[in-house]
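*Asks:* How does the following fold in three dimensions:
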Amino acid sequence: MPEESEQPEEKSEQAAGRAAAIAEGSSPEQSEQSEQSEQSAEQAERSMRAAHRPSMAAAGPYGHPIHPMLVTIPIGAFVATLAFDIASVLIEGRAYGRPAVWLSLIGIVGGLVASLFGFVDYRRLTKGTRAHAVATRHMILMDVVLICFVVGFFVRRADSNYYLYGTPKIALALSVVGVGIMLIGGWLGGKLAYSYGSRVADESDQIKAHSLSAPSTD
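*Replies:* Numbering: from 1, shown residues only. Coordinates of the predicted model:
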């Protein structure tokens, strides 16, 4: 009997709660969804602002990351390597294979250094976010590029007369594959910076830079 008397009270409390929610203009489900949306928005803003700031001084100051500056070295070196590889096969004389070897080595060393700074910035991204997923794919693809050119370098060095007969076909194929993957990885890196704003300055600071009345502090 006491249990039966408690049930009407519980029902009346639930009804009162629904009535209060209706009076406020929303259902309990809508209120919960609104609260979740606010929490999600706050989490996204915290993640975004964390991605803007360097995790350590070595990554470069706020608004001036070092990683994008360093990637120009391996990108230029690897593209030049492919160009010399193709020239060593198509043009008589075939002396173009020798500079391709050293250009690939420059690209490998530059890529390793750039990847270290890139990993520092990668750690600032929140796991589970779209930015983190894109950064992960970017990192994996760029590691594959490095592997292609490292293997290609040792293939070239294994043939003492590589510069007389042109770049070995395996090394040439690895250069083509490496540069192709690098284009995809670079596009993802650009998406991180220009679409998702990784390591860029906050919008409030950008607005100041575009204001006619703002004094120059650079």
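*Asks:* Would you mind pulling up the elements that the lengthiest helix in the chain packs against?
*Replies:* If you go by DSSP state H, the chain has its longest helix at helix 130-158. Packing contacts for helix 130-158, counted by 3 or more C-beta pairs under 8 Å, 6 or more residues apart in numbering; DSSP states H and E, involve helix 72-90, helix 97-122, helix 169-190. (Glycine included, C-beta is placed from N, CA and C.)
*Asks:* what's next to the first one, contact-wise?
*Replies:* Pointing back at helix 72-90 there. Applying C-beta atoms under 8 Å, 6 or more residues apart in numbering, the contact partners of helix 72-90 are 94-97, 99-100, 103-104, 106-108, 110-111, 113-114, 145-146, 149, 163, 166-167, 171-172, 175-176, 178-179, 182, 186.
*Asks:* which among those residues end up buried?
*Replies:* For the contacts of helix 72-90, burial is judged from neighbour counts taken by 16 or more other C-beta atoms under 10 Å, and it is met by 94, 96-97, 99-100, 103-104, 106-108, 110-111, 113-114, 145-146, 149, 163, 166-167, 171-172, 175, 178-179, 182, 186.
*Asks:* Tell me, domain by domain, which residues of this structure belong where.
*Replies:* Using automatic domain parsing, the domain parsing of the chain gives 2-51, 53-199.
*Asks:* Could you tell me the model confidence score at residue 90?
*Replies:* Note on residue 90: pLDDT of 88.
*Asks:* Let me fix that, I meant to ask about residue 100.
*Replies:* pLDDT for residue 100: 91.
*Asks:* just checking, it touches residue 155?
*Replies:* No - with contact defined as C-beta atoms under 8 Å, residue 100 does not count as touching residue 155 (11.5 Å).
*Asks:* what residue ranges in this structure score low on pLDDT?
*Replies:* Applying pLDDT under 70 to the chain picks out residues 1-36, 38-41, 92-94, 160, 162-163, 214-218.
*Asks:* swap the cut-off to 80 and go again
*Replies:* Scanning the chain for pLDDT under 80 picks out 1-59, 92-95, 159-165, 203-206, 208-209, 212-218.
*Asks:* ok, the spatially most central residue of it to residue 195 distance?
*Replies:* Residue closest to the mean C-alpha point of the chain, counted by C-alpha atoms, centre = their mean, is residue 135 at 3.1 Å. To residue 195, residue 135 is 12 Å away according to C-beta to C-beta, to the nearest Å.
*Asks:* Can you check which residues contact both of these two?
*Replies:* Common neighbours of residue 135 and residue 195 (C-beta under 8 Å, 6+ apart) do not exist.
*Asks:* Can you pull the phi/psi pair for residue 210?
*Replies:* Main-chain torsions, residue 210, degrees, to the nearest 10: phi -100, psi 0.
*Asks:* residues near it, how many?
*Replies:* Look at residue 210: counted by other C-beta atoms under 10 Å, it has 7 neighbours.
*Asks:* Over to the one 3 residues further on?
*Replies:* Taking other C-beta under 10 Å as the criterion, the count of residues near residue 213 is 5.
*Asks:* and residue 159, what is it in contact with?
*Replies:* Going by C-beta under 8 Å, 6+ apart, residue 159 touches residue 168.
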